[in-house]
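A.B. asks: sequence-free structure coming up:
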């Protein structure tokens, strides 16, 4: 009996330890009026879950983890739609988050959109005073600062991991439109950095001693009004760029990379990357080091859509997924070993092909769906208003995960309406007949044509399906 009692006590202690390890979940706005109040109530290992919505005002800006090993996240950090709807809106009055109490990697920020932030250093996020949090699956958009429009990291022991984030359309008055690093060594991995602007370093500005790592990032359509559209590495900094795409960035001088010094040696190392203009497009001062490693290429990456940054710095958002046939596919280090559970920016596994891809997107071929189109014969004289398409999804993919805004017919025509049947796992969509016929250009048709439907799921998986129909030319 004594042994049974001891076993019961032991089991009870194990359960208590397990439960304490899980921590407590705090919900905003159900349990707390603002995010900072929820953090203040947290102990280490707790989690704050933020419901979709817009969070503004005191307690929802200049948010501080207070050195706690906690997680602040949206309801689903892997769902891009949830992320886009879970918004920290700073309204131009301060930053989103400040890390300044020596936070470590177990202080995690995940799955939020931070916008309209402003600060002297760091418009959306400021890490300093030996703080090294984990920042994952976040959108850092339309923030501004004097230095570091999106994110600023300062201090020799400041080493945050910024992973699977979109850092877009941020601006700095001086330098680092996307990010500014000062005597710090952050890891920027699997991120898209686009449409950011500054006089120096449109995307990145690394200043003074530090060892930033930019890995598997897509850096495109950033702009510097003076120096370095993509990366400005200056004054004894040591930046490493690997498995990254630097393409379509612009500057008055040094469109991609500038390596400068003010009497101190400065180094950039670049390998297995696609740099527009190649080695010749890295402009360096005397006594600076450019370590041009293996595997670099200079070839159009074949993005779905490159995007565009206008003269007044308004970004037309690009689609930086790789098209089939991109030179960046399987172009990485053959000896690269992915971290456990490492994914690309869409959540797809690294590696999906023979070798790791270059850039934030790991190319995954679209999966096949069965497409049935009516009518089977398209008569331009018919007064019918619709082309109806039924898409049957395989069992391993759910129709409920379809992002309807991504559906196109022959990459040009979008649906007018759709109906989802989760039980049958299919989608019935209507395309405007007149718009479709205009897209098809019947003068070039010879009786039969292939209609192809493409789209995307919330996990980043793409689908494709086709059917051949007939077209009646006039007079037949």
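C.D. replies: Arrived safely, thanks for sending. Quick caveat: nothing in here was measured; it's all calculated off a predicted structure. Numbering: from 1, shown residues only.
A.B. asks: just checking, residue 451 touches residue 408?
C.D. replies: No - Residue 451 is not in contact with residue 408 according to C-beta atoms under 8 Å; the separation is 10.9 Å. Using the backbone N, CA and C atoms, a C-beta is placed for each residue, glycine as well.
A.B. asks: tell me, what residue is most central in this structure?
C.D. replies: Per C-alpha atoms, centre = their mean, the C-alpha nearest to the average position across the chain is that of residue 166, at 3.5 Å.
A.B. asks: where's that one relative to residue 302, distance?
C.D. replies: Residue 166 sits 20 Å away from residue 302 when distances are taken as C-beta to C-beta, to the nearest Å.
A.B. asks: please apply the same query to residue 329.
C.D. replies: Distance, residue 329 to residue 302, by C-beta to C-beta: 9 Å.
A.B. asks: for the two, indicate the residue with more neighbours.
C.D. replies: Ranked by neighbour count (other C-beta atoms under 10 Å), residue 329 and residue 302 place residue 329 first, with 24 against 16.
A.B. asks: and the more buried one, that one's in a helix?
C.D. replies: No - looking at residue 329 with DSSP: H, G, I helix; E, B strand; the rest coil, it is coil, so not inside a helix.
A.B. asks: now it: closest residue in space that isn't a chain neighbour?
C.D. replies: Leaving out its chain neighbours, the residue that sits closest to residue 329 by C-beta to C-beta, 6 or more residues apart in numbering is residue 363, at 4.7 Å.
A.B. asks: again with residue 408
C.D. replies: residue 454 (5.5 Å).
A.B. asks: for the one you found, give the beta-bridge partners.
C.D. replies: Per DSSP bridges, the residues bridged to residue 454 are residue 408, residue 464.
A.B. asks: that one and residue 412 touch, don't they?
C.D. replies: No - taking contacts as C-beta under 8 Å, residue 454 lies outside contact range of residue 412: 10.6 Å.
A.B. asks: ok, back up a step: enumerate every residue touching the residue nearest to residue 329.
C.D. replies: 321, 322, 324, 326, 328, 329, 352, 353, 357 (C-beta atoms under 8 Å, 6 or more residues apart in numbering).
A.B. asks: let's go with 7 Å and repeat that
C.D. replies: By C-beta atoms under 7 Å, 6 or more residues apart in numbering, residue 363 lies in contact with 322, 326, 329, 352, 353, 357.
A.B. asks: same question for residue 122.
C.D. replies: Applying C-beta under 7 Å, 6+ apart to residue 122 gives the contacts 95, 145, 148, 151, 152.
A.B. asks: change it to 10 Å
C.D. replies: Counting by C-beta atoms under 10 Å, 6 or more residues apart in numbering, residue 122 touches 95-99, 128, 143, 145-154, 170, 172, 176, 179-180.
A.B. asks: the residues you listed in strands, which ones?
C.D. replies: The strands, defined by DSSP state E, take in 97-99, 145-147, 151-154, 172, 179-180 from those.
A.B. asks: just checking, residue 83 is part of a strand?
C.D. replies: No - judged by three-state DSSP, residue 83 forms no part of a strand; its state is helix.
A.B. asks: and it, how many neighbours does it have?
C.D. replies: The tally of other residues near residue 83 (other C-beta under 10 Å) stands at 24.
A.B. asks: please name the residues that touch the closest residue to it other than its chain neighbours.
C.D. replies: Nearest residue to residue 83, sequence neighbours excluded (C-beta to C-beta, 6+ apart): residue 111, at 5.1 Å. Residue 111 makes contacts with 49-50, 71-80, 82-83, 86, 136-139, 164, as judged by C-beta under 10 Å, 6+ apart.
A.B. asks: residue 111 and residue 58: what is the separation?
C.D. replies: 23 Å.
A.B. asks: can you check residue 141 too?
C.D. replies: Between residue 141 and residue 58 the distance is 22 Å, computed by C-beta to C-beta.
A.B. asks: the two: who's more crowded?
C.D. replies: Neighbours per residue, other C-beta under 10 Å: of residue 141 and residue 58, the larger number sits with residue 141, 23 against 11.
A.B. asks: so residue 344 is in contact with residue 216, correct?
C.D. replies: Yes - here residue 344 reaches residue 216: they are 7.3 Å apart, a contact under C-beta atoms under 10 Å.
A.B. asks: so what sits against both of those two?
C.D. replies: 164, 190, 350, 356, 357, 359, 360, 361, 362.
A.B. asks: which of those residues has the most neighbours?
C.D. replies: residue 359 (33 neighbours).
A.B. asks: can you pull the contacts of it?
C.D. replies: Residue 359 sits next to 190, 192, 216-220, 243-247, 273-274, 301, 303, 320-322, 326, 328-329, 331-332, 344-345 when contact means C-beta under 10 Å, 6+ apart.
A.B. asks: can you pull out the helices in this protein?
C.D. replies: 2-22, 35-40, 80-85, 433-440 (DSSP state H).
A.B. asks: pick out the shakiest of the ones you listed, pLDDT-wise.
C.D. replies: Mean pLDDT is lowest for helix 2-22 out of the helices of the chain, coming in at a mean of 46.
A.B. asks: circling back to that earlier point, roughly how far does the residue nearest to the centre of the chain sit from residue 464?
C.D. replies: 25 Å.
A.B. asks: same thing with residue 251?
C.D. replies: Applying C-beta to C-beta, the value for residue 251 to residue 464 is 38 Å.
A.B. asks: neighbour count: the two, which is higher?
C.D. replies: residue 251 (25 against 14).
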